[in-house]
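Asker: Quick check, what structure comes out for this input:
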Amino acid sequence: MFWRSTPLLPVLAALGLLLNPVSGLAESALAPPGGQASATLNFRIVIPPVMRVLENSHPPELQTGPAGTLSGEQRLVVVSNLKRGFCVTLRQAGPEVNAWRLQTAQEGGVTLVPVSDGYRLCTARPGRYTLLLQHEFDTAAGSDRTALRWPVQTDLTAM
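Answerer: The predicted model follows:
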């Protein structure tokens with residue numbers, strides 16, 4: 001019943017004043033005729049750091065090749081906007097492997113360094129990286145395995 005007894009124009013005027021942005025009043029001023037008005041705008045654009053794995057594909061199981069070694073290819077696609085790049089640490093996930101060799105084409109600022117428990121692959125700048133990693137494993141002495149579950153753990157860290 002309130003709406004029927006109240007004139008519509010004052011209600012709309014009150015709503016218009018409530019919806020008026022007040023945040024712009026802090027730096028604005030009324031300039032006298034012939035004077036100048038000025039305002040300051042400060043923008044800050046924040047781009048959050050992003051490191052995203054688009055693909056980490058490898059065979060779920062490795063089969064023994066003709067030379068008695070186990071081999072497989074891992075494809076790792078990573079996108080990062082981190083200024084100093086990122087590192088991928090590849091570690092041996094199980095004791096079934098005696099020796100491990102890793103080969104990759106080191107292009108575009110990608111470095112591959114052996115570490116005590118595997119390999120460390122690092123980039124020096126942001127970008128999209130497609131890393132093709134060729135793994136070759138020798139099984140432990142006395143093992144007669146013909147297949148092995150994927151024995152590599154992959155970890156990413158920011159630089």
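Asker: Check which residues of the top strand by length along the chain are buried.
Answerer: Longest strand of the chain, by residue count under DSSP state E: strand 127-139. Of the residues in strand 127-139, 129, 131, 133, 135-137, 139 count as buried by neighbour count, 16 or more other C-beta atoms under 10 Å. Where you see a C-beta, it was placed from the backbone N, CA and C, and this is true even at glycine.
Asker: Using TSV, lay out the residues you listed together with pLDDT and distance to residue 80.
Answerer: TSV is the format used below for the buried residues of strand 127-139 (pLDDT from 0 to 100; distance: C-beta to C-beta, whole Å):
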residue	pLDDT	distance to residue 80
129	91	8
131	90	12
133	92	17
135	90	23
136	88	28
137	84	29
139	72	35
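Asker: how about the strands in the chain?
Answerer: With DSSP E as the criterion, the chain has strands spanning 51-57, 61-63, 70-80, 86-92, 97-103, 111-115, 118-122, 127-139, 147-149, 152-158.
Asker: Now distance to residue 42 too, for these, in JSON lines please.
Answerer: Shown next, in JSON lines, are these (distance: least, C-beta to C-beta, whole Å):
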{"stretch": "strand 51-57", "distance to residue 42": "30"}
{"stretch": "strand 61-63", "distance to residue 42": "57"}
{"stretch": "strand 70-80", "distance to residue 42": "29"}
{"stretch": "strand 86-92", "distance to residue 42": "32"}
{"stretch": "strand 97-103", "distance to residue 42": "50"}
{"stretch": "strand 111-115", "distance to residue 42": "41"}
{"stretch": "strand 118-122", "distance to residue 42": "37"}
{"stretch": "strand 127-139", "distance to residue 42": "31"}
{"stretch": "strand 147-149", "distance to residue 42": "56"}
{"stretch": "strand 152-158", "distance to residue 42": "29"}
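Asker: what sits against the spatially most central residue of the chain?
Answerer: Central residue of the chain (C-alpha atoms, centre = their mean): residue 51, 1.5 Å from the mean position. Counting by C-beta atoms under 8 Å, 6 or more residues apart in numbering, residue 51 touches 78-82, 86, 156, 158.
Asker: I'm done for today, thanks for sticking with me.
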